[in-house]
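Visitor: with the input below, show me the fold.
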Amino acid sequence: MTVSPTLSPDPAADRAAPPPGRGFDLLAFARRHRTILFLLLLIAVFGTVNERFLTLRNALNILSEVSIYGIIAVGMTYVILIGGIDVAVGSLLACASIAAAYVVTNLMGGSPASWFVALAISSLVGLVAGYVHGKVVTKLHVPAFIVTLGGMTVWRGATLLLNDGGPISGFDAAYRWWGTGQILFVPVPIVVFALVAAIGHVVLRYTRYGRQVYAVGGNKEAARLSGVNVDFVVTSVYAVIGALAGLSGFLLSARLGSAEAVAGTGYELRVIASVVIGGASLSGGSGNVGGTILGALLIGVLSNGLVIMHVTSYFQQVVIGLIIVAAVAFDHYARTHKA
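Guide: Predicted structure coming up:
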């Protein structure tokens, strides 16, 4: 009787496990835990430089900021796992939030259900836009980067057209609660982020759909021959990240008290950086939601620490870019120098 080996849902986890009987491998350990090690180092450095950094209030500020792009990063984990990319998420966030705010302020008046309508519209706009991206990728065979690059311009342009480039405000208290309220002393956006991350992790690791996502990223043709509906998986992944971008747009508008045409600018960098720094491979098939969360936290801690140190936001972009390159370079070095 032949027994099939049990594989981890994340092939990278199996490759990273040391062979039995071997001694401690410092390089392998650093590669597997590089994100959390660097995160702890940043916390120690910033906490030493400024005592305000380690306060509970600042920790909640960091998590509140991270939660907005972290929600999208969960969806981006799926996109990168299938070997795709989505650079339209920032523009889509703005477009979805402006569309929802426009309907609510012009048609709903002071209705107590305005927050629900805004949430539904924002998520639906993102879902439909993501679905369109996925269909163009699968049916017209246009590279995902080109499709979403075009989408980035289209959705930003649509955002500017909806309200002539101006912000939309005047939300009621129930709407704003989603961005400024608390559940057991924890800001609502953080709670929503935790729920999205938990669901994303469970689906990816413990469901058939999650295994199909890894299979498509590992080898599309092999997955297709194994009976996986590759087109469905790819399209659904882009639809999901679109919906999550819409959800983030709703939360951001509720937090700021207005929906702005410039919202989400540069978010594509933070979202992709969170996934890559978290250990996902841009070639697909390797990565997990837990690593993405650590990557998002690392970027949040880094940005907050640099602000406390009065470092200009322009330089922050330079630092984040360098960290992305360093993370990918270290991963490549560790893979090619394994004994």
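
Visitor: any idea which element the residue nearest the centre of the chain lies in?
Guide: With distances taken as Cα atoms, centre = their mean, the residue of the chain nearest its centroid is Ala73 (0.6 Å). Secondary structure from DSSP states H and E places Ala73 in helix 56-81.

Visitor: that helix: which residues count as buried?
Guide: 58, 62-81 (16 or more other Cβ atoms under 10 Å). Every C-beta, even on glycine, is put in place using the N, C-alpha and C of the backbone.

Visitor: ok, and the closest non-adjacent residue to Val237?
Guide: Tyr78 (4.6 Å; Cβ to Cβ, 6 or more residues apart in numbering).

Visitor: that neighbour is in contact with Ala243, isn't it?
Guide: No: Tyr78 is beyond contact range of Ala243, at 11.7 Å (criterion: Cβ atoms under 8 Å).

Visitor: what touches both of these two?
Guide: Applying Cβ atoms under 8 Å, 6 or more residues apart in numbering, one finds that no residue jointly contacts Tyr78 and Ala243.

Visitor: ok so, going back, surely the residue nearest to the centre of the chain meets Val276?
Guide: No: applying Cβ under 8 Å as the test, Ala73 and Val276 come out as separate, 10.2 Å apart.

Visitor: report the set of residues contacting both of the two.
Guide: Residues within reach of Ala73 and of Val276 at once, by Cβ under 8 Å, 6+ apart, are Gly295.

Visitor: distance check, Ser281 against His201.
Guide: Going from Ser281 to His201 by Cβ to Cβ, to the nearest Å gives 18 Å.

Visitor: do the same with Thr292
Guide: Relative to His201, and taking Cβ to Cβ, Thr292 is found at 9 Å.

Visitor: tell me which of those two has more neighbours.
Guide: Neighbours were tallied for Thr292 and for His201 using other Cβ atoms under 10 Å; the higher tally belongs to Thr292 (30 against 18).

Visitor: average model confidence for the helix holding Ala73?
Guide: Per-region confidence: helix 56-81 scores 96 on mean pLDDT.

Visitor: who does that helix touch, helix- and strand-wise?
Guide: Judged by 3 or more Cβ pairs under 8 Å, 6 or more residues apart in numbering; DSSP states H and E, helix 56-81 is in contact with helix 89-103, strand 186-187, helix 188-206, helix 208-218, helix 230-256, helix 267-277, helix 289-308.

Visitor: could you list the low-pLDDT ranges of this structure?
Guide: Within the chain, the segments meeting pLDDT under 70 span 1-23, 27, 109-110, 331, 334-335, 337-339.

Visitor: if we go to 80?
Guide: Residues of the chain meeting the criterion pLDDT under 80: 1-33, 108-111, 313, 316, 320, 323-324, 327-339.

Visitor: sorry, back to before: what residues are up against the residue nearest to Val237?
Guide: Tyr78 sits next to Gly200, Leu204, Val213, Val237, Val240, Ile241 when contact means Cβ under 8 Å, 6+ apart.

Visitor: could you check how far the fifth one is from Tyr209?
Guide: This points to Val240. Using Cβ to Cβ, we find Val240 at a distance of 10 Å from Tyr209.

Visitor: okay, these two: which has more neighbours?
Guide: More crowded of Val240 and Tyr209, by other Cβ under 10 Å: Val240, with 21 against 15.

Visitor: helices of the stretch 1-150 of the chain, residue ranges please.
Guide: Here the stretch 1-150 of the chain has its helices, by DSSP state H, counting those that start in this stretch, at 11-16, 26-32, 34-49, 56-81, 89-103, 114-139, 144-162.

Visitor: the fourth one versus helix 89-103: what angle between them?
Guide: Orientation of helix 56-81 against helix 89-103 (axes from the mean of the first three to the mean of the last three Cα atoms, to 10 degrees) gives an angle of 110 degrees.

Visitor: from the contacts of Tyr78, list the buried ones, please.
Guide: Gly200, Leu204, Val213, Val237, Val240, Ile241.

Visitor: turn these into a markdown table, including distance to Ala174.
Guide: Shown next, in a markdown table, are the buried ones among the contacts of Tyr78 (distance: Cβ to Cβ, whole Å):
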| residue | distance to Ala174 |
| --- | --- |
| Gly200 | 27 |
| Leu204 | 33 |
| Val213 | 36 |
| Val237 | 32 |
| Val240 | 27 |
| Ile241 | 27 |
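
Visitor: which pair of those residues spans the longest distance?
Guide: Using Cβ to Cβ, the buried ones among the contacts of Tyr78 span at most 13.2 Å, a distance reached by Leu204 and Ile241.

Visitor: alright, that wraps it up for me.
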